[in-house]
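Colleague: The following comprises the amino acid sequence and a computationally predicted model.
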Amino acid sequence: MTITADLIAAYEDAGPRLTPTERASVDRYNHTIDGYADCFPLTTEDIASHLGEFGLPATLGMIDSHFRMLGTWREAIDTLYVDLRTGVSPEPGPHATSIELITFEGHTLTSMVTLTREAVCKAFVGTAGPETADDGRVVVAGM
């Protein structure tokens with residue numbers, strides 16, 4: 001959920017190093033989503049437990065706050081992309097390492113959105129439709 005030093009190092013091993021300005025953009029991104037890793041993924045069990053302890057109105061509020069966090073996270077990825085694209089790098093546009101980091105975060109966000117929606121559906125409806133993989137794709141035999 002946050003772009004760790006280990007993740008940056010792994011991508012820099014395969015591509016160009018981030019500039020100090022790009023690292024500052026990553027640090028701002030990490031600050032924006034700090035603590036989100038403790039909140040996701042939201043599970044059906046989390047919802048059922050909260051519902052049993054606090055009741056329906058509070059549980060709906062908790063779910064709403066999770067979806068708002070997902071929105072903030074998406075905005076943070078958008079901001080990171082714009083920061084990296086608008087000239088913080090010596091070359092125009094984000095370079096390969098920046099693109100890889102943004103893509104990784106985008107995929108992680110997509111997974112968390114899918115898992116959160118599934119948890120809400122399962123908690124209140126009993127099903128979330130076809131099974132999906134962690135990356136949000138529908139699981140189809142042989143694929």
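Modeller: That came in fine, so what should we check first? Keep in mind that what you see is a predicted model, and the values were worked out from it rather than measured. Numbers count the residues shown, from 1 in each chain.

Colleague: Could you use CA atoms for every contact and neighbour count after this?
Modeller: Noted.

Colleague: Helices of this protein, start to end?
Modeller: Remark: helices assigned in the chain by DSSP state H are 5-14, 20-32, 44-54, 56-85, 96-124.

Colleague: Let me see the mean pLDDT of the last one.
Modeller: Rounded to a whole number, the mean pLDDT of helix 96-124 is 90.

Colleague: which residue is nearest the centroid of the protein?
Modeller: Most central in the chain under Cα atoms, centre = their mean is residue 109, positioned 2.6 Å from the mean C-alpha point.

Colleague: tell me what the helix or strand bottoming out on mean pLDDT in the chain is packed against?
Modeller: The helix or strand of the chain with the poorest confidence is helix 5-14; it has a mean of 86 (mean pLDDT, DSSP states H and E). Counting contacts by 3 or more Cα pairs under 8 Å, 6 or more residues apart in numbering; DSSP states H and E, helix 5-14 packs against helix 96-124.

Colleague: quick one: the helix it packs on to helix 5-14, angle?
Modeller: Angle of helix 96-124 versus helix 5-14, following axes from the mean of the first three to the mean of the last three Cα atoms, to 10 degrees, is 140 degrees.

Colleague: How far does helix 96-124 sit from its chain's centre?
Modeller: Here helix 96-124 is found 5 Å from its chain centre; the criterion is Cα atoms, centre = their mean, to the nearest Å.
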